[in-house]
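Undergrad: mind folding the following:
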Amino acid sequence: MSMDSHLRSLKPDPVRRLATAVSENVLSAFRSLRLNPLRSALTMSGIIVGVMAIVTIVAVLQGVKAELGKQVEGLGANLVLIVPSKLDENGQPNPASLIGISSLTEDDVQKLGQVPGVEKISPVAIVSGEVDYIADGKTKTSNPFVVGTNKAGVVMNPTPMAEGRYFEDNERFVCLLASKPRQELFGTGPALGKMVRIQNHDWKVIGVLNRPNGDGSLGATMMGLNTLVYVPIDTARAEIPGCQVNRIALQTDYKHPAEKMIDAMTKTLMDLHHGKEDFGIITQKRGLALVIRILQLAEQLLVLLAAISLFVAGIGIMNIMLVTVTERTREIGIRKTVGARRSDIFVQFLVESMTVSLLGGGVGLVLSSGVCVLIAHISLLTPVLTLPLVILALGVCTVVGMVFGVTPAVRASRLSPIEALRHE
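TA: The predicted structure is shown next:
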């Protein structure tokens, strides 16, 4: 081995040297914090309060958004209904669209399902005729609103299941009853497993829906949820003459911009219908847009509060660190006298500032988790504290400590050794 190679092998690894320097500076920062506990607590207090407040607010907001999403879906505010006729000046469909040949097709269903923001889509076929139940030689008759749809169409109904189950798309001759036809046909007796007759075919009852909550949602208004009988659309189209797509029901993502989504649906249908507007799109657009707007305003307010709180906390760290530099001027002079470079002093104070910020952030997170648990116990709110939120909070603390620690670190590194040693 040559002399140069031997000398290179004796030099410490740069990565290891950096790690050693950082660990030494972190230990130095902890010693400094331990020697001045009151000052350290005051330094961290701004970060602690800021992180605790912001993380708690974000957790509460995330919980509210999750609950709001459930409520929006439950109320049907994110349901869209497409009808085979142009809407009138009042935004209402033409009653004549219930009869005759529908302008809607399976192609419309397939293409609309690809529009951004559409989560579920279902073709709806209107099946005319009565529903009969024959038992002991007696016939009970109901005149419900019979529709053929897929499983997604039934699931979109905000009315929960009372008993039984949903049908699968490949099942044949099964049906679901809303509460009114169930009462008219079976009274207080059992309904599951019974056979009812629709359009000269026997259908097995596999599920019964609860009574709707009467909230005036789009689904309840347009479809009469309490009078529905669902059958699989593939079976209805194969076995019932004249069965066609009379409606298309969609469930949308309430977080997606409503206007853009409706415009995309309109463009898709116009392209498929060769520029002819022989369809109408019915949506609770105002309610959906209002929900989205409220969420956006809440998020923007949160960002503003976070910026102000952390900016104030950062200024507090910078001021305390500047005082620390003044108090430790003689220490800095001694370190420079024994060989410390300006970069060493700079890194020492910058690491100390980041350590203070991270410690404050950690304490703030612990306090925030306790506050979130307390809020969940004493109120209807359910804060959601997630791992990305914790990582984001610690990352922001690191950045705040770094940004506001630069000025004290620069001042410390620029001190003259001789002047520093003379300082009392």
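Undergrad: would you map the helices across this protein?
TA: Taking DSSP state H as the test, the helices found in the chain are 3-10, 14-35, 37-75, 106-112, 151-155, 179-186, 218-223, 233-239, 258-272, 285-327, 329-337, 342-378, 387-413, 417-422.
Undergrad: so which of those helices gets nearest residue 171?
TA: helix 233-239 (7.7 Å; Cβ to Cβ). C-beta here means a position set from N, CA and C on the backbone, and glycine is covered the same way.
Undergrad: on contacts alone, who are the packing partners of the closest one?
TA: If contacts are counted by 3 or more Cβ pairs under 8 Å, 6 or more residues apart in numbering; DSSP states H and E, helix 233-239 sits against strand 118-127, strand 145-149.
Undergrad: quick one: low-confidence ranges for the stretch 151-300 of the chain?
TA: Counting by pLDDT under 70, the stretch 151-300 of the chain contains low-confidence residues at 213-224, 284-292, 295-296, 299.
Undergrad: if we go to 80?
TA: Scanning the stretch 151-300 of the chain with the threshold set as pLDDT under 80 gives 158, 212-225, 254-259, 283-300.
Undergrad: circling back to that earlier point, as CSV, the helices and strands packed on helix 233-239 with mean pLDDT would be great.
TA: Listed next are the helices and strands packed on helix 233-239 as CSV, based on pLDDT from 0 to 100:
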stretch, mean pLDDT
strand 118-127, 90
strand 145-149, 91
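Undergrad: looking at those strands, which is buried most?
TA: strand 145-149 (a mean of 24; mean count of other Cβ atoms under 10 Å).
Undergrad: what angle sits between that one and helix 179-186?
TA: 110 degrees (axes from the mean of the first three to the mean of the last three Cα atoms, to 10 degrees).
Undergrad: residues contacting strand 145-149, please?
TA: Outside strand 145-149, the residues within contact range by Cβ atoms under 8 Å, 6 or more residues apart in numbering are 122-129, 131, 153, 198, 223-224, 227-233, 235-237, 240, 243, 247, 249.
Undergrad: try it again at 6 Å.
TA: For strand 145-149, contacts defined as Cβ atoms under 6 Å, 6 or more residues apart in numbering pick out 122, 124-127, 224, 227-231, 233, 236.
Undergrad: now those residues in CSV, with distance to residue 275?
TA: Output for the contacts of strand 145-149, formatted as CSV (distance: Cβ to Cβ, whole Å):
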residue, distance to residue 275
122, 26
124, 25
125, 26
126, 27
127, 31
224, 33
227, 37
228, 34
229, 37
230, 34
231, 34
233, 28
236, 31
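Undergrad: returning to what we had before: out of the helices and strands packed on helix 233-239, the one nearest residue 379 is which?
TA: Closest of the helices and strands packed on helix 233-239 to residue 379 is strand 118-127, at 30.1 Å (criterion: Cβ to Cβ).
Undergrad: partners of that closest one in the sheet?
TA: Looking at strand 118-127 with DSSP bridges, its partner strands are strand 145-149 (antiparallel), strand 247-252 (antiparallel).
Undergrad: got the CA positions of that strand in PDB?
TA: Provided in PDB are the C-alpha atoms of strand 118-127 (Å, rounded to 0.1, in the frame of the first residue of the first chain):
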ATOM      1  CA  VAL A 118     -68.300  10.100 -10.300                       C
ATOM      2  CA  GLU A 119     -68.000   7.400  -7.600                       C
ATOM      3  CA  LYS A 120     -71.000   5.200  -8.400                       C
ATOM      4  CA  ILE A 121     -73.300   5.000 -11.400                       C
ATOM      5  CA  SER A 122     -76.500   3.100 -12.100                       C
ATOM      6  CA  PRO A 123     -78.900   2.700 -15.000                       C
ATOM      7  CA  VAL A 124     -82.500   2.900 -13.900                       C
ATOM      8  CA  ALA A 125     -85.300   1.200 -15.900                       C
ATOM      9  CA  ILE A 126     -88.900   2.000 -15.000                       C
ATOM     10  CA  VAL A 127     -91.000  -1.200 -14.900                       C
END
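Undergrad: compute the inter-axis angle for it and helix 258-272.
TA: For strand 118-127 against helix 258-272, the angle by the same axes, to 10 degrees is 50 degrees.
Undergrad: now strand 118-127 and helix 37-75, what's the angle there?
TA: Using the same axes, to 10 degrees: strand 118-127 against helix 37-75 is 20 degrees.
Undergrad: who touches strand 118-127?
TA: Against strand 118-127 from outside (Cβ under 6 Å, 6+ apart): 109, 112-113, 146-150, 152-153, 156, 233, 236, 240, 243, 245-253.
Undergrad: tabulate the strands paired with strand 118-127 (CSV), appending distance to residue 403.
TA: Shown next, in CSV, are the strands paired with strand 118-127 (distance: least, Cβ to Cβ, whole Å):
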stretch, distance to residue 403
strand 145-149, 57
strand 247-252, 41
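Undergrad: domain-wise, how is this structure divided?
TA: 16-69+293-422, 78-283 (automatic domain parsing).
Undergrad: run a quick neighbour tally on residue 143.
TA: 12 (other Cβ atoms under 10 Å).
Undergrad: which residue packs closest to it, ignoring adjacent ones?
TA: residue 130 (5.7 Å; Cβ to Cβ, 6 or more residues apart in numbering).
Undergrad: now that neighbour. Its backbone dihedrals?
TA: As for residue 130, its main-chain torsions (degrees, to the nearest 10) stand at phi -90, psi 170.
Undergrad: surely it is in contact with residue 141?
TA: Yes: if you go by Cβ atoms under 6 Å, residue 130 and residue 141 touch, sitting 5.2 Å apart.
Undergrad: for residue 391, the count of nearby residues, please.
TA: Residue 391: 10 neighbours (other Cβ under 10 Å).
Undergrad: and it, what is it in contact with?
TA: Contacts for residue 391 (Cβ under 6 Å, 6+ apart) come out as none.
Undergrad: figure out which of the helices and strands packed on helix 233-239 is closest to residue 266.
TA: Using Cβ to Cβ, the helices and strands packed on helix 233-239 put strand 118-127 closest to residue 266, at 13.2 Å.
Undergrad: next one: the closest one to chain centre, how far?
TA: Its chain's average C-alpha position is 25 Å from that of strand 118-127, according to Cα atoms, centre = their mean, to the nearest Å.
Undergrad: now stretch 132-139
TA: Worked out by Cα atoms, centre = their mean, stretch 132-139 lies 50 Å from the chain centre.
Undergrad: same check on stretch 297-310?
TA: Distance, stretch centre to chain centre, for stretch 297-310: 18 Å (Cα atoms, centre = their mean).
Undergrad: okay then, goodbye and thanks.
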